[in-house]
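Novice: I would like the atomic coordinates for the input below:
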Amino acid sequence: MRTRAVSLAALLCCIVLSPTSGRANTPGATQAPPQPPPAVTCSAAGFRQFDFWAGEWDVADATGKPAGHNAITIEQQGCVLVEHWTSAAGNTGLSLFTRIARRKQKSGGRS
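Specialist: Numbers count the residues shown, from 1 in each chain. Prediction:
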């Protein structure tokens, strides 16, 4: 029991004295307000390469027979293309596409 009391006291001491605990380290001291995270921006040209795909599409096979419907939306501040597929038979699918800037390639696939 004594070990637990010492451990709890040590933990409380660390929380109170920690500069990241949100409390001032000395009486009367003030801390700068936390900075907001940087805004997410996906406006670079690489993110706009598939914008032409956005919209509602009726899909047909090579003979012109209806194959399904595709609804493509741009979401998450322009960072993600979302595909909602419905086949002529009523089956559905969802795909997410984004650009991985570090690799300069698209990423995505059907689920």
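
Novice: nearest spatial neighbour of residue 87, skipping sequence neighbours?
Specialist: Here the nearest residue to residue 87 in space, its sequence neighbours aside, is residue 68; by CB to CB, 6 or more residues apart in numbering that works out to 4.1 Å. Just so you know, the C-beta spots here come from the backbone N, C-alpha and C atoms, and that holds for glycine as well.

Novice: got the buried residues for the strand or helix carrying that neighbour?
Specialist: Secondary structure assignment for residue 68, by DSSP states H and E: strand 66-75. Judged by neighbour count (16 or more other CB atoms under 10 Å), strand 66-75 contains these buried residues: 67-68, 70, 72, 74.

Novice: Kindly export it (C-alpha atoms) in CSV.
Specialist: Extracted as CSV, the C-alpha positions of strand 66-75 are listed here (Å, rounded to 0.1, in the frame of the first residue of the first chain):
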residue,chain,number,x,y,z
PRO,A,66,-26.4,0.1,-69.1
ALA,A,67,-23.8,-1.2,-66.6
GLY,A,68,-24.4,1.0,-63.7
HIS,A,69,-24.2,4.4,-62.1
ASN,A,70,-21.2,6.2,-60.7
ALA,A,71,-21.4,9.3,-58.3
ILE,A,72,-18.0,10.9,-57.7
THR,A,73,-17.6,13.7,-55.1
ILE,A,74,-14.7,15.8,-53.9
GLU,A,75,-14.5,15.8,-50.1
